[in-house]
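S.K.: Let me see the structure of the following:
(4 chains)
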Number of protein chains: 2
Amino acid sequence: MTGKKDITIYDLARVLSLSPATVSRGLKDHPAINIKTRKRITDTAREMGYRSNSFASNLRMQKTHTIGIIVHELKSQFISSVLSGIEKITTEAGYDLIIGHSSESYRKETSNAHNLFHKRVDGLIASLAFDTTDMEHFDPFVKKGIPIVFFDRVEDFPYGTRVIIDNVKAGYEATAHLAAQGCRRIVHFTANLGRNVYAGRLKGYQQALADYGLTFDPALVMVNDLSEAAAIRAARQILSMNPRPDGVFATNDFFAAVFLQTLKENGLRVPEDIAIVGFNNDAISRIIQPKLTTINYPGEEVGEQAARSLLDQLTSPSAAVASAKEASARTTDTIIIRSELIIRDSSLHRKV
Amino acid sequence: MTGKKDITIYDLARVLSLSPATVSRGLKDHPAINIKTRKRITDTAREMGYRSNSFASNLRMQKTHTIGIIVHELKSQFISSVLSGIEKITTEAGYDLIIGHSSESYRKETSNAHNLFHKRVDGLIASLAFDTTDMEHFDPFVKKGIPIVFFDRVEDFPYGTRVIIDNVKAGYEATAHLAAQGCRRIVHFTANLGRNVYAGRLKGYQQALADYGLTFDPALVMVNDLSEAAAIRAARQILSMNPRPDGVFATNDFFAAVFLQTLKENGLRVPEDIAIVGFNNDAISRIIQPKLTTINYPGEEVGEQAARSLLDQLTSPSAAVASAKEASARTTDTIIIRSELIIRDSSLHRKV
DNA sequence: TTTGAAATTGTAACCGATTGCATTATATTT
DNA sequence: AAATATAATGCAATCGGTTACAATTTCAAA
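M.R.: Numbers count the residues shown, from 1 in each chain, chains lettered A, B, ... in the order given. Model prediction:
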């Protein structure tokens, strides 16, 4: 640790023959400071390479200008996009991001939540882990009135904003499209049905079946972890089924792509023998052959909205407003992001 | 902002009829504190829901327990993996991450660097932007002796550790493999040759050509931004060439995949008409048909090594050691991560 | 010139944790 | 029991920026 000591406002004050208070005010455009003095201050601050100490400031102000993020997975194109969207908005506003990663584990999620609370983030943006059901770990934020925005994976919780898509509608459109293409036995690959996103899509799937006069067969709803290995196993299973399904709606493009690939390797034709619809509109859906019909789930947009919503709550006058009712009204919104079906070759059934 | 005031060591001290100093020591297992007193302290701290104020601590200790990260892109599987690796190691050690994102822009990179310096991160992990050449924005870190670990995209810089792969060797292996398969006209798709990674791979490409008795044709080295659009353009260009190249080494799997796909759509057979090798071993390389031969570049491993190296420097006794020479010796290492060619169908040429 | 309001600047007390240097309580030795 | 060593705790300054309130200066109105 070489390096001279940092310059502080006391150093500036000494050099300028002013008080630290005046320097402090001068650096932040306090109206009471004479414009000429202010200029002297900012000039010498620049010359001497002054940088303010955010700890001292945070300590005094009880604000951190930092936003905590908890994601369930980092190695995901969707999450990367969301992060990118968040980053774009928060950086403009001068906020920093601290990222926590739950790896789909409730335990790690709680530990992240505690850590971020301890770090006194000004706000939190979170997507829940696979197996999260209780929300107790967010109570400290609630008690302190620290705003939270949940996205994608959410729970019913009487606090915070939710940024989501209409999963029921998305599931409905995907399934209805397959049905409209003539599919009669449509398998649904999904994950933990306790999670809102999967529950919603399943509901849409069922509604679409009903609307198209197809009976719902619980055996065709297959739950797994949507991993590469699971996709390969799933493909094998489908190949061995009799009668074989003629349509598949998977809640994840990566899974759908591996699944599709494995079927092809085993001689099945897509979409002729089996039509496939994925979810997310990841890059892979445009590269796999045939190109994958999917639901567009714009991650960057989700991130931007989540960040904007959080910043709104941080900078709105609510802090001053006493009315908990009003604050509560503001913080219980749900923001629905538009999602839509993108039809590509993998589902264009021509069997009739 | 509802919520009672936070509990401080002063509150604990009052309740326990002790001094704040004793409480502070008790909370951190200071040996001078009686074990029974310590227990009383930690117990009531738990009961009263005490959480230490990291700003006060940071202010006093001049340490943040925070690591800054600058990446050139967030929406990349490779970078996600690296982040995941970093996160794994640093979380174990109780460090937080602040993530900055340069979007391949030198300007944003400098602004991120300044911001992270200002936030007083204890250390920095960075991968340079596309167009970064000068390293002045890292000078403040150098002057203060804040350790830096660069990964992937690095520059010659007499400070900091580098975690990289042997790009020359990787480029060589990729190209030599194509040559060994009988390719005679091998195109190399790459990006800004000012960046070490691309320069190194090109060098390996040239060496392999030489070793296999092929003449180097600068016209076959094509530089672009490796985007989806560029891949499609590239494919069109290849299709129009006469004589047509019979091998392609692209420095990015995503680009290679889109390129491959576009060629197929235009009737070219891979690998019969043209053999292709990508780079990174992204998931997409295993899904595209034919599967892509590629260089395995283990991002998670890179992230873990980078984080470990940084933590070493943060916790080593170097802080106490005066010898700048010794510190400098330690901080100029380069860590080479093993990378290797993974041969798949896209390059198995059988044309003699 | 006197006077009071307005414009500037200064004083000093925070924010909460840390730690060198006492000081006090306890244990050990003679 | 006195003297000394040792263990345990307290005092008070410090980190750097912020801000209520006080003090001073400036300037125009009286």
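
S.K.: Contact residues of chain A facing DNA strand C?
M.R.: A:17-22, A:25, A:32-35, A:37, A:56, A:59-60, A:62 (C-beta under 7 Å from any atom of the strand). The way it works is simple: take the backbone N, C-alpha and C, and place the C-beta from them, glycine included.

S.K.: Mind picking the two most distant members of those residues?
M.R.: The two members of the residues of chain A next to DNA strand C with the most space between them (C-beta to C-beta) are A:S17 and A:Q62, at 31.7 Å.

S.K.: if we can go back for a sec, out of the residues of chain A next to DNA strand C, which are inside helices?
M.R.: Among the residues of chain A next to DNA strand C, the ones falling in helices (DSSP state H) are A:20-22, A:25, A:35, A:37, A:56, A:59-60.

S.K.: Pull out the buried members of the residues of chain A next to DNA strand C.
M.R.: A:18, A:22, A:25, A:33, A:59 (16 or more other C-beta atoms under 10 Å in any protein chain shown).

S.K.: Turn these into JSON lines, columns for pLDDT.
M.R.: Formatted as JSON lines, these follow (pLDDT from 0 to 100):
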{"residue": "A:L18", "pLDDT": "94"}
{"residue": "A:T22", "pLDDT": "95"}
{"residue": "A:R25", "pLDDT": "94"}
{"residue": "A:I33", "pLDDT": "91"}
{"residue": "A:L59", "pLDDT": "91"}
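
S.K.: Show the end-to-end separation of stretch A:280-287, please.
M.R.: 14 Å (C-alpha to C-alpha, to the nearest Å).

S.K.: one step back: now render the ones in helices among the residues of chain A next to DNA strand C as CSV, adding distance to DNA strand D.
M.R.: Below are those laid out as CSV (distance: C-beta to the nearest atom of the strand, whole Å):
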residue, distance to DNA strand D
A:P20, 5
A:A21, 3
A:T22, 8
A:R25, 5
A:I35, 13
A:T37, 12
A:A56, 3
A:L59, 5
A:R60, 4
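
S.K.: low pLDDT regions in chain A?
M.R.: A:1-5, A:316-332, A:350-352 (pLDDT under 70).

S.K.: Distance of the residue nearest to the spatial centre of chain A relative to A:I79?
M.R.: Closest residue to the average C-alpha location of chain A: A:F151 at 4.6 Å, with C-alpha atoms, centre = their mean. Going from A:F151 to A:I79 by C-beta to C-beta, to the nearest Å gives 10 Å.

S.K.: Next, the buried residues of stretch A:200-210.
M.R.: Using 16+ other C-beta under 10 Å as the test for burial, stretch A:200-210 gives A:200-209.

S.K.: Closest to DNA strand C out of the residues you listed?
M.R.: Comparing those against DNA strand C with C-beta to the nearest atom of the strand places A:G200 closest, at 42.7 Å.

S.K.: list the contacts for that closest one?
M.R.: Going by C-beta atoms under 8 Å, 6 or more residues apart in numbering or on different chains, A:G200 touches A:166-168, A:170-171.

S.K.: let's see 6 Å
M.R.: Going by C-beta atoms under 6 Å, 6 or more residues apart in numbering or on different chains, A:G200 touches A:167-168.

S.K.: Doesn't it belong to a helix?
M.R.: Yes. Assessed by DSSP: H, G, I helix; E, B strand; the rest coil, A:G200 belongs to a helix.

S.K.: Not counting its neighbours along the chain, what's nearest A:K75?
M.R.: Computed as C-beta to C-beta, 6 or more residues apart in numbering or on different chains, the closest residue to A:K75 that is not its neighbour in sequence is B:S80, at 4.4 Å.

S.K.: now swap in A:N115 and tell me
M.R.: A:G100 (6.6 Å).

S.K.: Now the helix or strand where A:E109 lies: buried residues?
M.R.: If you go by DSSP states H and E, A:E109 is part of helix A:106-118. Within helix A:106-118, the residues that count as buried by 16+ other C-beta under 10 Å are A:106, A:108-110, A:112-113, A:115-117.

S.K.: could I have it exported to PDB, CA atoms only?
M.R.: The C-alpha trace of helix A:106-118 is given here as PDB (Å, rounded to 0.1, in the frame of the first residue of the first chain):
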ATOM      1  CA  TYR A 106     -33.300 -20.700  -0.900                       C
ATOM      2  CA  ARG A 107     -30.600 -20.900   1.600                       C
ATOM      3  CA  LYS A 108     -28.200 -18.800  -0.400                       C
ATOM      4  CA  GLU A 109     -31.000 -16.400  -1.200                       C
ATOM      5  CA  THR A 110     -31.700 -15.700   2.400                       C
ATOM      6  CA  SER A 111     -28.000 -15.200   3.000                       C
ATOM      7  CA  ASN A 112     -27.800 -12.800   0.100                       C
ATOM      8  CA  ALA A 113     -30.800 -10.900   1.400                       C
ATOM      9  CA  HIS A 114     -29.200 -10.600   4.900                       C
ATOM     10  CA  ASN A 115     -25.900  -9.500   3.400                       C
ATOM     11  CA  LEU A 116     -27.400  -6.800   1.200                       C
ATOM     12  CA  PHE A 117     -29.600  -5.600   4.100                       C
ATOM     13  CA  HIS A 118     -26.500  -5.400   6.200                       C
END
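
S.K.: can you tell if the helix or strand following that helix touches chain B?
M.R.: Downstream of helix A:106-118, the first helix or strand assigned by DSSP H and E is strand A:123-126. No. Using C-beta under 6 Å from any C-beta of the partner chain, strand A:123-126 stays clear of chain B, with a minimum separation of 11.8 Å.

S.K.: Could you tell me which strands sit next to strand A:123-126 in the sheet, and their orientation?
M.R.: Strand pairing for strand A:123-126, determined by DSSP bridges: strand A:66-71 (parallel), strand A:148-151 (parallel).

S.K.: and the next element down the chain from the first one?
M.R.: This points to strand A:66-71. Strand A:66-71 is succeeded, C-terminally, by helix A:77-92 (DSSP H and E).

S.K.: circling back to that earlier point, now the residue nearest to the centre of chain A, nearest residue through space, not along the chain?
M.R.: A:F151 sits nearest to A:V163 (C-beta to C-beta, 6+ apart), 4.3 Å away.

S.K.: and what of A:R25?
M.R.: Nearest residue to A:R25, sequence neighbours excluded (C-beta to C-beta, 6+ apart): A:I33, at 5.0 Å.

S.K.: Can you verify my assumption that the one you found contacts A:S24?
M.R.: No. Counting by C-beta atoms under 6 Å, A:I33 stays clear of A:S24, with 9.7 Å between them.

S.K.: Check which helix or strand A:P158 maps to.
M.R.: Under DSSP H and E, no helix or strand contains A:P158.

S.K.: those helices in chain A, which residues are they?
M.R.: Ranges of helices within chain A are A:9-16, A:20-27, A:35-48, A:54-61, A:77-92, A:106-118, A:139-144, A:167-180, A:196-211, A:228-239, A:253-265, A:284-287, A:299-315, A:324-331, based on DSSP H.

S.K.: Report the distance from the helix holding A:E109 to the chain centre.
M.R.: What separates the centre of helix A:106-118 from the centre of its chain is 17 Å, taken as C-alpha atoms, centre = their mean, to the nearest Å.

S.K.: Contacts for it, please.
M.R.: For helix A:106-118, contacts defined as C-beta under 6 Å, 6+ apart pick out A:68, A:70, A:100, A:102, A:129, A:131-132, A:137, A:140, B:51.

S.K.: How many residues are close by the closest residue in space to A:A180 that isn't next to it in sequence?
M.R.: Closest residue in space to A:A180, ignoring its immediate chain neighbours: A:Y212 at 7.4 Å, by C-beta to C-beta, 6+ apart. A:Y212 has 15 neighbouring residues, counting by other C-beta atoms under 10 Å in any protein chain shown.

S.K.: rewinding a little: just give me the closest of the buried ones among the residues of chain A next to DNA strand C to B:A234.
M.R.: Ranked by distance to B:A234 (C-beta to C-beta), those are led by A:L59 at 54.7 Å.

S.K.: All set, thanks.
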